[in-house]
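Chemist: return a 3D structure for these sequence lines:
(chains A and B)
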Amino acid sequence: MEKTLERADTGIALRVAEVQGGHEIRSRLATLGVRPGTVLQVVVRGPLGGPVLVEVDGTRLAIGRGLARKVLLEP
Amino acid sequence: MRLALLGQPNCGKSTIFNAVAGYRSATANFPGTSLSFLSSKVLIEGQAVEIIDLPGAYSLLSQEEIQSRTAQFLEEQEVDVFVNVVDASRLGRSLELTLQLLDLGRPMVLALNMMDEAQRKGIEIDLAQLSGELGIPVIPTIAHHGVGLSELFSTALKIGHDKTAPIPRPLDNEIEQSVSHILPMLKACPCGRSCRAQALMILERAPGALQGATRPGSESEAEETVRRLEKLHGWPGDQVVSGARHALAHLIEDKVSRRPQAKPSRRERLDQALMHPVLGIPILFGILALLFFFVFGVGKHFEGSLSAFFEALASRVASWAPPDTPAGAILKGALTGFSGGLGIVLPFLLPFLVALAALEDTGYLPRMAYLLDGLMHRFGLHGKSVVPLMLGFGCSVPAVMATRILENPRDRRITATLSVLVPCSARTTVILGLVGALLGFGTALIVFAVNLAVILLLGIFMQHSTENRPLGMVLEVPDLRLPSARAVAARTWVALREFLVVAWPALIASSVVLGLLEISRLDAQVNSLLAPVTVTILGLPMAVGLTLVFGVMRKELALMMLIQALGTSDLRRVLTPAQMISFALFTTFYVPCIATLAALWKEIGWKETARVVGITVAVALVVAWLGRVVTGLFWNSLQP
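Modeler: Residues are numbered from 1 along each chain as shown, chains lettered A, B, ... in the order given. This next block holds a predicted model:
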């Protein structure tokens, strides 16, 4: 099974392989720095099935689980 | 001379605007809180300059409505000079927007803001080198403390006069080749967009960029160019271009700055606790509880002595000008309105606004959105909805306007409907001033709990009655910071001014009108018309009818008018606990005030607004009736 941001381990550097979904989803994530090739780190996961908190370029982003599922990571 | 402030969310753009435009706008620590285009005419070095504060945008191609409005503005309006505000502590990412702006080919200055924040993180930036890389002047600023602003604006004026346009930075070879391929195919470009920017937008497959932009017959050739570029890189066009821009921005950052390895500071450890998976939510409720204790504590302290003073003053005036004469009625009405504003609203409103502004300034609101996202999903919404709902505690108007940060129309509609039910400061005043002051703080808390429960139930109901569940949110979590007294004061003042110049005069005027209606006996007719609702369902005295009409103007008015209509500010003598609860609940839920209705109309259309009115009246009647019955049954048995 492919590794997605939703289930990624915390605290290690990960590289984005692909962002699935349409133009809208890709551009929303890309403007905030999440695009293929980006190196990011999962900081922590939000409570009650909440968002994944990731660190990209020294900025922290909260990405909802539904969207995190669309971000595939390099193995 | 027209100057536009541009930058990504949270870069301190609005703070700069406030500093030069003299506190005429609210700064906000949340993506997209500069909701409408704020503009202000100011004199700089003897010259009249129009300064426009555009909403923060991560990219000119953003799909988020509020951000795309910035791009739209740039397309439609002539601007003489851009001031691009960037966060010095996040240079790489900020420069991605800067590179896009350079493509537009307008005179431009870079405000390297938050230099203090960068210094705190140990980041060193070579200003001359950065200016050389970008080909535009770079001015370091600390907007919070007003540092560097006069130099910034005098440089901007100079550049605007000289009309020195920057040279766009080339991206990678394949992209530049594709651009030069497309350029000859283009017709004249829209005024705010250079041909280069138009060509890049076509490569990025921006919706609508290609249609009608090329000469007849070249559309398919342009399409072919985009496809060739995509094949070469193996990625969709938007990612090729944004990826190249990203790489270039970070290359520039690496060249001009040095950043040390970060070790967790005290602030970061605090942040870890605030966003902790287990502790985060209890801390959140703790903070909210503190907020309300603070507001209630301060409010109660002042309210008691002030209202006693005005009560004494009122009886002195009454003996001097009897209230059954026209002059006496006017005087009594005016005094009631004046003392109502000063004695009841202000003591609660002011501490509340200060507390909310401080909370907003620390950057805690996005953290609340993060913590509550999981919970909100159970109501079919996501964490971003928390922000409008939270702002709703201050005032429903900004809350309704803030729903624009939601991408999905369905989320926006549901959130707007729910946010107008959140007790705003005016309604909090009614609840605290009536229930809290007369029946005790605990009872007021129960009223708030009922209020939240109604919002939750309605949210669940609305979720099940619509389809199209939300995908999820992406939200930047800015660094925590200590609230600055300047920003808190500015924000509080903006909200308070609204009360002082609009609501308070309205309060006094309508008190006078009510007094006159009373002596001309017209009030009785309105009241008897409303009796089926006020007396039969709500169990209130008939005299209350008219106050509910005034309550639609401003919710605070309902309580003032109640005092005026019943002829005493010692409401305990004339109302039973059940009546107070019934009145407070009804006032909280029924029709949002006129200002909110106008905001709703603008945001979600008149049909949805009419629906909100219908829903709120129905909810108000049911909840108030229930409240009245339950209180009537249990109140006495609960008292010692």
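Chemist: C-alpha only now, for contacts and for neighbours.
Modeler: Will do.
Chemist: closest point of chain A to chain B, which residue?
Modeler: residue A:50 (3.7 Å; C-alpha to the nearest C-alpha).
Chemist: residues touching that residue, list them.
Modeler: Counting by C-alpha atoms under 8 Å, 6 or more residues apart in numbering or on different chains, residue A:50 makes contact with A:64-65, B:370-375.
Chemist: which one of these is nearest to residue B:182?
Modeler: Distance to residue B:182 across the contacts of residue A:50 (C-alpha to C-alpha) is lowest for residue A:64, with 37.9 Å.
Chemist: what's near enough to touch that closest one?
Modeler: A:50-52, B:373, B:382, B:471-474.
Chemist: those residues: which two are farthest apart?
Modeler: Longest span within the contacts of residue A:64, C-alpha to C-alpha: A:52 and B:471, 14.0 Å.
Chemist: so the two - more neighbours on which side?
Modeler: When residue A:52 and residue B:471 are compared for neighbours, residue A:52 comes out ahead with 27 against 15, by other C-alpha atoms under 10 Å in any protein chain shown.
Chemist: quick check, the more buried one in contact with residue A:41.
Modeler: No: at 10.1 Å, residue A:52 does not count as touching residue A:41 under the criterion of C-alpha atoms under 8 Å.
Chemist: residues of the stretch 101-250 of chain B that sit close to chain A?
Modeler: B:238-239, B:242-243, B:246 (C-alpha under 8 Å from any C-alpha of the partner chain).
Chemist: so of those residues, which ones are in helices?
Modeler: B:238-239, B:242-243, B:246 (DSSP state H).
Chemist: returning to that earlier point: okay, and which of the contacts of residue A:50 map to helices?
Modeler: A:65, B:370-375.
Chemist: what number of residues are in the vicinity of the closest residue to chain A within chain B?
Modeler: Across chain B, no residue is closer to chain A than residue B:374, which sits at 3.7 Å (C-alpha to the nearest C-alpha). Neighbour count for residue B:374, taken as other C-alpha under 10 Å: 21.
Chemist: quick check, residue B:199 in contact with residue B:181.
Modeler: No: taking contacts as C-alpha under 8 Å, residue B:199 lies outside contact range of residue B:181: 9.0 Å.
Chemist: of the two, which one has the most company?
Modeler: A direct count of neighbours by other C-alpha under 10 Å for residue B:199 and residue B:181 places residue B:199 higher, at 28 against 15.
Chemist: how about the contacts made by that one?
Modeler: Per C-alpha under 8 Å, 6+ apart, neighbours of residue B:199: B:179, B:182-183, B:186.
Chemist: buried among those residues? Make that a ChimeraX selection.
Modeler: To isolate the buried members of those in ChimeraX, using 16 or more other C-alpha atoms under 10 Å in any protein chain shown:
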select /B:179,182,183,186
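Chemist: ok, longest helix in the chain?
Modeler: If you meant another chain, say so; for now it's chain A. helix A:23-31.
Chemist: that answer is for a different chain, and I need it for chain B
Modeler: helix B:594-638.
Chemist: might one say that residue B:352 is in contact with residue B:425?
Modeler: Yes: between residue B:352 and residue B:425 there is a contact under C-alpha under 8 Å: 7.3 Å.
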